[in-house]
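> any chance you could fold what I've pasted below:
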Amino acid sequence: MSVDQFLLALRRFVARRGRPTLLQSDNFTTFKAADRVIRQLFVGPTLDKIKHQLAFEGVTWKFITERAPWTGGYWERLVRSVKEPLKKVLGHALLTETELHTVLVEIEAKINARPLTFVGDDPKDANVLTPFHFLIGKEFTEFPHHGQPRDRSAVDYHTGAELRRRWQHQQRLVAHFWKRWRTEYVTTLSVRKKWCGVKPSPAIGDVVLIAEENVPRMRWMMGRVIELLPGTDGLVLSVRLRTTKGMLTRPVAKLHLLEEGLAL
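A predicted model of the protein is given here:
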């Protein structure tokens, strides 16, 4: 990638998402083991050229601390959660460049539609906040995937049957990825934010994602813990939850902590 290609990619990003005030990336010394062309992007006058262009656009480019790769962990974790399921799902599947681009963009949309937290303190009066609210200002509406593509004008050297087969193949890849990503990402979420240490059980006020069997993760409800239900051993095994659809009782094993409640 040349400097001009990098800057063009940045311009495309700004055109799609708006101008960022801060860009963060790995420290350039970590690219020493990378391809020579990639390294040249981050050394000498080329780096100065990029920084000058960013400064002109009102953007600050900040590298993480040298020899401290964990400082970029919060974005690397999400990148890894996408790359690993994608690699397992695609495997040796053969996709055209356009098909691969479409699959990746649909995967991006599904990840940006994941629930983060409630907009307000009361789940009865608030919608679920997702990354899409920050990107496009509203909730994501998925294009329906049932049936067959309606556009027949795209048939050139392909037969209609071949087009349907390729389209269905793309949809299977996206669905397979979403299933793996939902399972593997939520597992890391549970390990990372489960109630542990000095706080061994959920607390009243915690905001959680409620796992449901045979329901896509992007449609899982969020709830706020309002009552703890301990078992005979005194440990909290279930909780009462307030959701946008009313009151529910669920076992702790089906809950994934998103936001700890404020101490009352």
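> contacts, neighbours, all on C-alpha from now
Will do.
> okay, strands next: where are they in the stretch 51-200 of the chain?
Assigned by DSSP state E, counting those that start in this stretch, the strands in the stretch 51-200 of the chain fall at 60-63, 117-118, 128-129.
> wait, a helix at residue 208?
No. Counting by DSSP: H, G, I helix; E, B strand; the rest coil, residue 208 falls outside a helix, being strand.
> so who does it touch?
222-225, 255-259 (Cα atoms under 8 Å, 6 or more residues apart in numbering).
> hmm, try it at 6 Å
222-223, 255-258 (Cα atoms under 6 Å, 6 or more residues apart in numbering).
> in space, what's closest to it - neighbours in sequence excluded?
By the measure of Cα to Cα, 6 or more residues apart in numbering, the closest residue to residue 208 outside its immediate chain neighbours is residue 257, 4.5 Å from it.
> sec struct for that neighbour, please.
Using three-state DSSP, the structure places residue 257 in strand.
> how much space between it and residue 214?
Distance, residue 257 to residue 214, by Cα to Cα, to the nearest Å: 20 Å.
> which one's more surrounded, these two?
residue 257 (23 against 6; other Cα atoms under 10 Å).
> quick check: pLDDT value at residue 185.
Residue 185 is assigned 62 on the pLDDT scale.
> same check on residue 240?
With respect to pLDDT, residue 240 has a value of 90.
> okay, now it: neighbour count?
Neighbour tally, residue 240, other Cα under 10 Å: 18.
> re earlier: weakest of the strands of the stretch 51-200 of the chain by average pLDDT?
Minimum mean pLDDT among the strands of the stretch 51-200 of the chain: strand 117-118, a mean of 64.
> read off the pLDDT value for residue 77.
The model reports residue 77 with a pLDDT of 77.
> what's the neighbour count on it?
12.
> which residues touch it?
Residue 77 touches nothing, counting by Cα under 6 Å, 6+ apart.
> stretch 168-175: which residues count as buried?
By 16 or more other Cα atoms under 10 Å, the buried positions in stretch 168-175 come out as 168, 170, 173-175.
> residue 249 looks like it's in a strand, true?
Yes. According to three-state DSSP, residue 249 belongs to a strand.
> how is the chain divided into domains?
3-67, 76-192, 207-259 (automatic domain parsing).
> what's the least confident stretch among these?
domain 76-192 (a mean of 67).
> what is the longest strand anywhere in the chain packed up against?
Looking across the chain with DSSP state E, the single longest strand is strand 221-230. Applying 3 or more Cα pairs under 6 Å, 6 or more residues apart in numbering; DSSP states H and E, one finds that strand 221-230 contacts strand 207-210, strand 236-243.
> using PDB, write out every CA atom in the first one.
C-alpha atoms of strand 207-210 as PDB (Å, rounded to 0.1, in the frame of the first residue of the first chain):
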ATOM      1  CA  VAL A 207     -28.000  -4.300  32.700                       C
ATOM      2  CA  VAL A 208     -27.700  -7.700  31.000                       C
ATOM      3  CA  LEU A 209     -28.300  -9.400  27.600                       C
ATOM      4  CA  ILE A 210     -30.700 -12.300  27.900                       C
END
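> can you list the strands that it pairs with?
Strand 207-210 has the following strand partners under DSSP bridges: strand 221-230 (antiparallel), strand 255-259 (antiparallel).
> out of the ones you listed, flag the one nearest residue 244.
Smallest distance to residue 244 across the strands paired with strand 207-210 (Cα to Cα): 7.7 Å, for strand 221-230.
> tell me which residues are up against that closest one.
Contacts of strand 221-230 with the rest of the structure, by Cα under 6 Å, 6+ apart, involve 204-210, 236-243.
> quick check: angle from it to strand 236-243?
140 degrees (axes from the mean of the first three to the mean of the last three Cα atoms, to 10 degrees).
> mind listing the helices for the stretch 51-200 of the chain?
With helices called from DSSP state H, counting those that start in this stretch, the stretch 51-200 of the chain shows them at 73-90, 97-112, 131-135, 160-193.
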